[in-house]
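Enquirer: Structure of the sequence below:
(chains A and B)
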Amino acid sequence: DAGVIQSPRHEVTEMGQEVTLRCKPISGHNSLFWYRQTMMRGLELLIYFNNNVPIDDSGMPEDRFSAKMPNASFSTLKIQPSEPRDSAVYFCASSLMGNNSPLHFGNGTRLTVT
Amino acid sequence: TQLLEQSPQFLSIQEGENLTVYCNSSSVFSSLQWYRQEPGEGPVLLVTVVTGGEVKKLKRLTFQFGDARKDSSLHITAAQPGDTGLYLCTSGTYKYIFGTGTRLKVLA
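Expert: The predicted structure is shown next:
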(Lines give C-alpha, C1' and ligand atoms only; values in the text may rest on other atoms or scores of the structure.)
Protein backbone atom coordinates (compact mmCIF):
# COMPACT_ATOMS: atom_id res chain seq x y z
CA ASP A 1 0.00 0.00 0.00
CA ALA A 2 1.22 3.49 -0.79
CA GLY A 3 1.88 5.58 2.26
CA VAL A 4 1.35 9.30 2.66
CA ILE A 5 2.85 11.05 -0.34
CA GLN A 6 4.25 14.55 -0.09
CA SER A 7 5.64 16.75 -2.82
CA PRO A 8 8.03 18.25 -3.46
CA ARG A 9 10.71 16.62 -1.26
CA HIS A 10 12.79 19.77 -1.38
CA GLU A 11 11.83 23.35 -2.15
CA VAL A 12 14.20 26.30 -2.32
CA THR A 13 12.65 29.69 -2.88
CA GLU A 14 13.35 33.35 -2.38
CA MET A 15 11.78 35.47 0.29
CA GLY A 16 8.43 36.87 -0.84
CA GLN A 17 7.59 34.01 -3.17
CA GLU A 18 4.52 31.81 -2.81
CA VAL A 19 5.14 28.22 -1.78
CA THR A 20 2.65 25.36 -2.09
CA LEU A 21 3.24 22.02 -0.41
CA ARG A 22 1.14 19.02 -1.38
CA CYS A 23 -0.04 15.91 0.40
CA LYS A 24 -1.89 12.77 -0.62
CA PRO A 25 -3.11 10.87 2.46
CA ILE A 26 -3.55 7.12 2.72
CA SER A 27 -6.74 6.03 1.01
CA GLY A 28 -9.55 5.57 3.53
CA HIS A 29 -8.02 7.78 6.19
CA ASN A 30 -10.32 10.57 7.27
CA SER A 31 -8.00 12.73 9.37
CA LEU A 32 -5.11 14.76 8.00
CA PHE A 33 -2.50 16.74 9.89
CA TRP A 34 0.13 19.28 8.86
CA TYR A 35 3.23 19.65 11.05
CA ARG A 36 6.35 21.80 10.91
CA GLN A 37 9.66 20.57 12.36
CA THR A 38 12.71 22.61 13.30
CA MET A 39 15.58 21.94 15.68
CA MET A 40 14.55 24.86 17.86
CA ARG A 41 10.81 24.21 18.12
CA GLY A 42 10.51 20.49 17.47
CA LEU A 43 7.45 19.02 15.74
CA GLU A 44 4.63 21.58 15.81
CA LEU A 45 1.05 20.88 14.79
CA LEU A 46 -0.14 23.53 12.35
CA ILE A 47 -3.63 22.38 11.40
CA TYR A 48 -5.71 19.24 11.19
CA PHE A 49 -8.75 18.17 9.19
CA ASN A 50 -11.45 15.60 9.85
CA ASN A 51 -13.48 14.49 6.82
CA ASN A 52 -11.93 17.34 4.79
CA VAL A 53 -13.09 19.99 7.28
CA PRO A 54 -10.48 22.07 9.18
CA ILE A 55 -11.01 21.39 12.87
CA ASP A 56 -8.20 23.26 14.55
CA ASP A 57 -5.86 25.76 12.89
CA SER A 58 -4.60 27.36 16.09
CA GLY A 59 -1.07 26.24 15.25
CA MET A 60 -0.91 28.15 11.99
CA PRO A 61 1.70 30.80 12.72
CA GLU A 62 0.10 33.71 10.89
CA ASP A 63 -2.12 34.74 8.02
CA ARG A 64 0.62 34.02 5.52
CA PHE A 65 -0.14 30.32 6.04
CA SER A 66 -3.24 28.66 4.66
CA ALA A 67 -4.30 25.05 4.20
CA LYS A 68 -7.01 23.42 2.15
CA MET A 69 -8.41 19.95 1.70
CA PRO A 70 -10.69 20.04 -1.35
CA ASN A 71 -11.28 16.28 -1.25
CA ALA A 72 -10.37 13.18 0.74
CA SER A 73 -7.27 12.45 -1.31
CA PHE A 74 -5.51 15.80 -1.48
CA SER A 75 -4.40 18.66 0.74
CA THR A 76 -2.23 21.73 0.28
CA LEU A 77 -0.33 24.01 2.62
CA LYS A 78 0.41 27.40 1.15
CA ILE A 79 2.74 30.11 2.39
CA GLN A 80 2.37 33.53 0.80
CA PRO A 81 4.61 35.47 1.03
CA SER A 82 7.36 33.20 2.32
CA GLU A 83 10.02 34.40 4.77
CA PRO A 84 13.41 32.94 5.79
CA ARG A 85 12.01 31.99 9.22
CA ASP A 86 9.57 29.63 7.46
CA SER A 87 12.51 27.37 6.57
CA ALA A 88 11.76 23.97 8.09
CA VAL A 89 10.66 20.45 7.25
CA TYR A 90 6.92 20.24 6.75
CA PHE A 91 5.20 16.92 7.38
CA CYS A 92 1.78 15.69 6.45
CA ALA A 93 0.24 12.78 8.35
CA SER A 94 -3.03 10.91 8.03
CA SER A 95 -5.01 8.56 10.25
CA LEU A 96 -8.39 7.02 10.81
CA MET A 97 -10.31 9.35 13.09
CA GLY A 98 -10.59 7.93 16.60
CA ASN A 99 -8.64 7.57 19.78
CA ASN A 100 -5.36 5.70 19.62
CA SER A 101 -5.27 5.58 15.85
CA PRO A 102 -1.68 5.68 14.61
CA LEU A 103 -0.47 8.64 12.60
CA HIS A 104 1.12 7.76 9.26
CA PHE A 105 3.61 10.38 8.17
CA GLY A 106 4.95 11.29 4.77
CA ASN A 107 8.66 11.83 4.28
CA GLY A 108 8.28 15.58 4.50
CA THR A 109 9.10 18.62 2.39
CA ARG A 110 12.30 20.44 3.28
CA LEU A 111 11.65 24.12 2.63
CA THR A 112 14.48 26.64 2.40
CA VAL A 113 13.60 30.30 2.01
CA THR A 114 16.57 32.53 1.15
CA THR B 1 -3.16 22.62 25.97
CA GLN B 2 -1.45 19.46 27.11
CA LEU B 3 2.32 19.89 27.11
CA LEU B 4 4.69 16.96 26.95
CA GLU B 5 8.26 17.29 28.12
CA GLN B 6 10.80 14.68 27.20
CA SER B 7 14.16 14.01 28.79
CA PRO B 8 16.95 13.88 28.19
CA GLN B 9 17.04 16.05 25.07
CA PHE B 10 20.17 14.37 23.75
CA LEU B 11 21.77 11.04 24.57
CA SER B 12 24.90 9.50 23.10
CA ILE B 13 25.83 6.01 24.26
CA GLN B 14 27.95 3.05 23.26
CA GLU B 15 26.49 -0.04 21.64
CA GLY B 16 25.38 -2.55 24.25
CA GLU B 17 24.47 -0.01 26.93
CA ASN B 18 21.01 0.33 28.44
CA LEU B 19 19.07 3.60 28.54
CA THR B 20 15.79 5.11 29.61
CA VAL B 21 14.04 8.15 28.22
CA TYR B 22 11.06 9.90 29.73
CA CYS B 23 7.89 11.67 28.70
CA ASN B 24 6.18 13.81 31.35
CA SER B 25 3.14 16.03 31.60
CA SER B 26 1.11 17.81 34.24
CA SER B 27 -2.04 16.56 32.52
CA VAL B 28 -3.67 13.16 32.54
CA PHE B 29 -3.76 11.31 29.24
CA SER B 30 -6.25 8.70 28.19
CA SER B 31 -3.48 7.16 26.09
CA LEU B 32 0.03 7.86 24.90
CA GLN B 33 2.00 6.93 21.82
CA TRP B 34 5.73 6.64 21.14
CA TYR B 35 7.23 7.27 17.71
CA ARG B 36 10.74 6.99 16.30
CA GLN B 37 12.01 9.24 13.55
CA GLU B 38 15.08 8.48 11.47
CA PRO B 39 16.93 11.14 9.44
CA GLY B 40 15.10 12.17 6.27
CA GLU B 41 11.92 10.34 7.21
CA GLY B 42 8.70 10.95 9.06
CA PRO B 43 8.05 9.54 12.53
CA VAL B 44 6.86 5.93 12.75
CA LEU B 45 4.64 4.57 15.51
CA LEU B 46 6.33 2.20 17.96
CA VAL B 47 3.59 1.62 20.53
CA THR B 48 0.38 2.88 22.11
CA VAL B 49 -0.22 2.56 25.86
CA VAL B 50 -3.69 3.09 27.24
CA THR B 51 -3.93 1.74 30.81
CA GLY B 52 -2.24 3.28 33.84
CA GLY B 53 0.68 1.06 34.87
CA GLU B 54 0.68 -0.75 31.55
CA VAL B 55 3.97 -2.23 30.33
CA LYS B 56 4.52 -3.17 26.69
CA LYS B 57 7.57 -4.80 25.15
CA LEU B 58 8.77 -4.53 21.60
CA LYS B 59 11.90 -6.69 21.29
CA ARG B 60 14.56 -4.78 23.29
CA LEU B 61 12.25 -1.81 23.92
CA THR B 62 10.09 -1.66 27.04
CA PHE B 63 7.40 1.01 27.36
CA GLN B 64 5.64 1.89 30.60
CA PHE B 65 2.65 4.15 31.22
CA GLY B 66 2.61 5.77 34.65
CA ASP B 67 -0.03 4.73 37.16
CA ALA B 68 -1.52 8.23 37.10
CA ARG B 69 -1.33 8.34 33.27
CA LYS B 70 0.73 11.55 33.37
CA ASP B 71 4.05 10.09 32.34
CA SER B 72 5.69 7.33 30.36
CA SER B 73 9.12 5.83 29.94
CA LEU B 74 10.94 3.97 27.21
CA HIS B 75 13.75 1.63 28.19
CA ILE B 76 16.13 0.17 25.63
CA THR B 77 18.21 -2.85 26.55
CA ALA B 78 21.55 -3.44 24.85
CA ALA B 79 21.22 -0.50 22.47
CA GLN B 80 22.33 -0.97 18.88
CA PRO B 81 23.29 1.58 16.19
CA GLY B 82 19.94 0.86 14.51
CA ASP B 83 18.21 2.40 17.53
CA THR B 84 19.65 5.80 16.62
CA GLY B 85 16.94 8.35 16.00
CA LEU B 86 14.59 10.89 17.49
CA TYR B 87 12.09 9.44 19.97
CA LEU B 88 8.83 11.32 20.30
CA CYS B 89 5.82 10.89 22.54
CA THR B 90 2.31 12.19 21.93
CA SER B 91 -1.17 11.82 23.29
CA GLY B 92 -3.04 9.34 21.16
CA THR B 93 -6.14 11.47 21.04
CA TYR B 94 -7.60 13.90 18.54
CA LYS B 95 -4.93 16.60 18.42
CA TYR B 96 -1.65 14.64 18.56
CA ILE B 97 0.60 17.24 20.16
CA PHE B 98 4.14 15.90 20.26
CA GLY B 99 6.71 16.19 22.99
CA THR B 100 10.07 17.89 22.61
CA GLY B 101 11.80 14.64 21.68
CA THR B 102 14.92 12.74 22.75
CA ARG B 103 17.66 12.51 20.15
CA LEU B 104 19.52 9.22 20.65
CA LYS B 105 22.80 8.26 19.06
CA VAL B 106 24.20 4.79 19.56
CA LEU B 107 27.87 4.47 18.70
CA ALA B 108 29.25 1.21 17.34
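
Enquirer: what's the distance between B:D67 and B:T51?
Expert: Noted for B:D67: a distance of 10 Å to B:T51, by Cβ to Cβ, to the nearest Å. Yep, even glycine has a C-beta here, placed from its N, CA and C like the rest.

Enquirer: er, B:A68 actually
Expert: For B:A68, the distance to B:T51 - Cβ to Cβ - is 12 Å.

Enquirer: can you pull the pLDDT of residue 51?
Expert: Just going to use chain A. We have a pLDDT of 95 for A:N51.

Enquirer: The chain in question should be chain B.
Expert: As predicted, B:T51 sits at a pLDDT of 91.

Enquirer: Tell me which residue lies nearest the centroid of chain A.
Expert: A:W34 (3.2 Å; Cα atoms, centre = their mean).

Enquirer: Identify the residues contacting residue 88.
Expert: As the question left the chain open, I've gone with chain A. Taking Cβ atoms under 8 Å, 6 or more residues apart in numbering or on different chains as the criterion, A:A88 is in contact with A:36-38, A:111.

Enquirer: actually chain B
Expert: Taking Cβ under 8 Å, 6+ apart, one finds A:43, B:6, B:34-37, B:43, B:98-99, B:101 in contact with B:L88.

Enquirer: how about the strands of the chain, start to end?
Expert: Defaulting to chain A. Assigned by DSSP state E, the strands in chain A fall at A:5-7, A:10-13, A:19-24, A:31-38, A:42-50, A:53-56, A:65-71, A:74-79, A:88-95, A:104-105, A:109-113.

Enquirer: My question was about chain B, not that one.
Expert: For chain B, the strands defined by DSSP E cover B:5-7, B:10-14, B:19-24, B:32-37, B:44-49, B:55-58, B:61-65, B:71-76, B:85-91, B:102-107.

Enquirer: Kindly confirm whether my reading is correct that the residue nearest to the centre of chain A touches A:I79.
Expert: No. At 11.3 Å, A:W34 does not count as touching A:I79 under the criterion of Cβ atoms under 8 Å.

Enquirer: Can you give me the first-to-last residue distance of stretch A:2-10?
Expert: Length of stretch A:2-10, first residue to last, Cα to Cα, to the nearest Å: 20 Å.

Enquirer: How about the residue of chain A found nearest chain B: what's its closest non-neighbour residue?
Expert: At 2.7 Å from chain B, A:F105 is the closest residue in chain A, using Cβ to the nearest Cβ. Spatial nearest neighbour of A:F105, excluding adjacent residues (Cβ to Cβ, 6 or more residues apart in numbering or on different chains): B:G42 at 2.7 Å.

Enquirer: residue contacts, A:S73?
Expert: A:24-25, A:27.
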